[in-house]
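1. Pasting the sequence and the predicted model now:
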Amino acid sequence: MSALDNLVRISRWHLDEARQRLGDLERLEARLQDDIGRLDANLKAEQTAARETEIARAAYPAYAEAQKLRRQRLERSIDDVRGQIAEAREAVAEAYREAKKYELARDNERARAQAKRDRAEAAQMDEMGLQLHRRKQGAGGNGG
């Protein structure tokens, strides 16, 4: 395995790690969005309950305020995660460019090596052809 093969393998590993981190962050954002959705649904359910009983009506303002604060924290968390997602996407793009650079270098190295082997083989075949031609010329000239 050549040095370039190792660089390709390592750069692919870094790319996979970057993609994994991005996926984790995107899943985290989705969970936080789901949390906001559940929070909103619970708030509506409590609003309905507050209309039905005096105890719920008295407790609702404190509950609503706590839910409002929780929602704000979730929204800040989502904003933070979105910033991290943007950074992670750039990291994925950079890791991809790096991997591609090494893959192209490896492929070019392999192509040069193959061309060298092809030239050596062609030279060997030419030499064999010349030797065969000389033998025929030598055999035809002596019999005459």
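-> Done, it's in. The structure displayed is predicted, hence computed values, not measured ones.
2. all contacts plus neighbour counts: C-alpha atoms, from now on.
-> Fine.
3. Find the centremost residue of the protein, please.
-> Centroid check for the chain by CA atoms, centre = their mean gives Arg19 as the closest residue, at 3.9 Å.
4. so what's that one up against?
-> 88, 92 (CA atoms under 8 Å, 6 or more residues apart in numbering).
5. And it, how close does it get to Ala41?
-> Arg19 sits 33 Å away from Ala41, taking CA to CA, to the nearest Å as the criterion.
6. Repeat that for Gly83.
-> 27 Å.
7. again, but for Lys116
-> 70 Å.
8. where does the chain have low pLDDT?
-> For the chain, applying pLDDT under 70 flags the ranges 140-144.
9. could you redo the last one with a cut-off of 80?
-> For the chain, applying pLDDT under 80 flags the ranges 1, 139-144.
10. for it, longest helix please?
-> Identified as the longest helix of the chain according to DSSP state H is helix 54-142.
11. Could you list every helix and strand that that one packs against?
-> Helix 54-142 sits against helix 3-52, with contacts defined as 3 or more CA pairs under 8 Å, 6 or more residues apart in numbering; DSSP states H and E.
12. Could you figure out how far the helix it packs on is turned away from helix 54-142?
-> 160 degrees (axes from the mean of the first three to the mean of the last three CA atoms, to 10 degrees).
13. for helix 3-52, the distance to its chain's centre please.
-> 16 Å (CA atoms, centre = their mean, to the nearest Å).
14. Next: stretch 67-86.
-> 25 Å.
15. what does stretch 52-63 give?
-> The answer for stretch 52-63 is 50 Å, by CA atoms, centre = their mean.
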